[in-house]
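Enquirer: what follows is a predicted structure for the sequence shown.
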Amino acid sequence: MKYNFLLLLLLLFCCNYCFAQQYGIGHQTISLMDTSRNRTIQTELYYPADSSGENVPFATSTTEKFPVLVFGHGFVMTWDAYRNIWEAAVPHGYILAFPLTETGISPQHLELGKDLAFLVDAIKMEGSNTGSFFYDRVDSSSCVMGHSMGGGASFLALQFNPGITAIANLAAAETSPSAIEAAASISIPSLLFAGENDCVTPPATNQILMFDSLPSACKTLVTIRGGSHCQMADNNFLCSIGENSCTPAPTISRIDQHATIDRFLIPWLNFQLKGNCADGARFDSLAVSDPAVLFSGNCQLCTSTTTEEIDAKNFYSIGPNPVHDFLQIRFSETVTEPVLVKISDMLGKNRYSELYTGARTIDLTFSNLENGMYFISLETKNYTQLFKALKY
């Protein structure tokens, strides 16, 4: 069991993201009218297709309906800076829309937020229109996204569209009105990426404050070690000008930063928008094992590595938590397989690992560990459960 788990981790780190590439990438430029504001929103749209190209048909190899992702650009940046996002997401079965609004030097953050909110519903409505290219291909689930200014605008968008399923953003920037204040009213699943070496929108004054403000029962902050602001996207001249004028500089490559984003973003979307439990478990495993990130979160996406719904309460009970000296784990009589128990710190470093066979009760020693938060992993052949324990 232990060697199988290590092999899985090795495979995860030997590829950008270990998922089957299912679809080609189709592209269209469309215009949609928001009649409530008398505002036309030109949009670059990418969607799953049998083969990649301009105006090619939706994928005919399946009748699947695809979730909607709407992505807001950074300050004076345009959609073509985010090739890394559409090339990562669309092949896995997502419709991805980029509004071309608010690209000037005096952008209106709130209007961009309204554009993001509008596009989610507009594309869904096209999916119900029998005369539309999108007819019967648009799923009900959706995610509002963005980078930098667009990331901040993604928080603003949610007050205008309560039907959005989830929010995910890259190096989100504080906006006017305040994205940090807007975050305080958001309860949907939330995924925030930050760059440890971001000198444009430093995490301490941007993403961390947004994350702390979120009341969501499932929120995650993934801080990429050595990552920067502009490397969240493809190379962009205007973004680079700003980033080159401040420090610290990135200590990882753009390719490595994109690979880290993909490793977390794709399984998170697959779980939140498609209910894929295996990808949720993959995300949870990476959260405690990936040395490329600093991870903060308050939930596990999927407690089971099988398709069965297993009640964790029938698997174990734990206490006390917070813990000072000993954390006791009691397994139910239904647990007959060996259980691999691991303790990892918030940096993903393994601090304890042992395989238990036939044990009903385990006392884990925390007295030799520093005070702080730890991840506990319980693994059997068909089951993985992750939880946090606070040592004081």
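Expert: Arrived safely. Residues are numbered from 1 along each chain as shown.

Enquirer: okay, now residue 135: neighbour count?
Expert: Other residues lying near residue 135 total 13 when counted by other CB atoms under 10 Å. Placement of C-beta: from N, CA and C, glycine included.

Enquirer: is it true that it touches residue 125?
Expert: No - the criterion here is CB atoms under 8 Å, and residue 135 misses it with residue 125 at 10.7 Å.

Enquirer: what residues are shared contacts of those two?
Expert: Common contact partners of residue 135 and residue 125 (CB atoms under 8 Å, 6 or more residues apart in numbering): none.

Enquirer: any idea how far residue 104 is from the closest residue to residue 82 other than its chain neighbours?
Expert: Excluding the flanking residues, the one nearest residue 82 by CB to CB, 6 or more residues apart in numbering is residue 233, at 5.4 Å. Counting by CB to CB, to the nearest Å, the gap from residue 233 to residue 104 is 18 Å.

Enquirer: and for residue 339?
Expert: Where residue 104 is concerned, residue 339 sits at a distance of 58 Å (CB to CB).

Enquirer: which one of these two has more residues nearby?
Expert: The neighbour count for residue 339 versus residue 104, taken as other CB under 10 Å, is higher for residue 339 (23 against 9).

Enquirer: residues in contact with the nearest residue to the more buried one once chain neighbours are set aside?
Expert: Excluding the flanking residues, the one nearest residue 339 by CB to CB, 6+ apart is residue 356, at 5.0 Å. Residue 356 makes contact with 338, 339, 340, 341, 362, according to CB under 8 Å, 6+ apart.

Enquirer: my guess is residue 69 contacts residue 95. True?
Expert: Yes - counting by CB under 8 Å, residue 69 does reach residue 95; the two are 6.8 Å apart.

Enquirer: so where do the strands sit in the stretch 101-250 of the chain?
Expert: In the stretch 101-250 of the chain, strands defined by DSSP state E, counting those that start in this stretch lie at 138-147, 166-170, 190-195, 219-224, listed in chain order.

Enquirer: roughly how far is the longest one from the heart of the chain?
Expert: Offset of strand 138-147 from its chain centre (CA atoms, centre = their mean, to the nearest Å): 12 Å.

Enquirer: partner strands of it, parallel or antiparallel?
Expert: strand 66-72 (parallel), strand 166-170 (parallel) (DSSP bridges).
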